[in-house]
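[1] pasting the structure only:
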């Protein structure tokens, strides 16, 4: 349990450090979820934000890391956090695109 807390603290510190170079909303999502966009992409092995590819890789990694098949709960939780972070980034991008569309109309 102690190692998990230490890893969580280290992950948040790294996300904060990397968050300084991200857009404000994206940096906030990194701090809240505790994982940077880049780290999330590495965990789920995706290079771009393609929802289908993210879901496919998430499903596979979640399944193979299931404790009932000898997997690691810790790794499974990292996979879940990575998916949450990428989903949030997709939401932020969709919101930004919608706002740009409204500004272009006015």
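    Sure, I can see it. Being a predicted model, the structure only gives us computed values, none of them experimental. Numbers count the residues shown, from 1 in each chain.
[2] For the rest of this, base every contact and every neighbour count on C-alpha atoms.
    OK.
[3] quick one, what contacts residue 67?
    residue 73 (Cα atoms under 8 Å, 6 or more residues apart in numbering).
[4] got the phi/psi numbers for the most centrally placed residue in the chain?
    Compute the mean C-alpha point of the chain, and by Cα atoms, centre = their mean the closest residue is residue 85, 2.4 Å away. Dihedral angles phi and psi of residue 85 (degrees, to the nearest 10) take the values phi -70, psi -40.
[5] What of residue 70?
    In terms of degrees, to the nearest 10, the main-chain angles of residue 70 are phi 90, psi 10.
[6] Just give me the neighbour total for it.
    When counting by other Cα atoms under 10 Å, one arrives at 9 neighbours for residue 70.
[7] Mean pLDDT per helix and strand in the protein: which one sits at the bottom?
    helix 2-19 (a mean of 70; mean pLDDT, DSSP states H and E).
[8] I'd like to know which elements the following helix or strand past that helix is packed against.
    Once helix 2-19 ends, the next helix or strand along the chain (criterion: DSSP states H and E) is helix 24-33. Contacts defined by 3 or more Cα pairs under 8 Å, 6 or more residues apart in numbering; DSSP states H and E place helix 24-33 against helix 2-19, helix 73-105.
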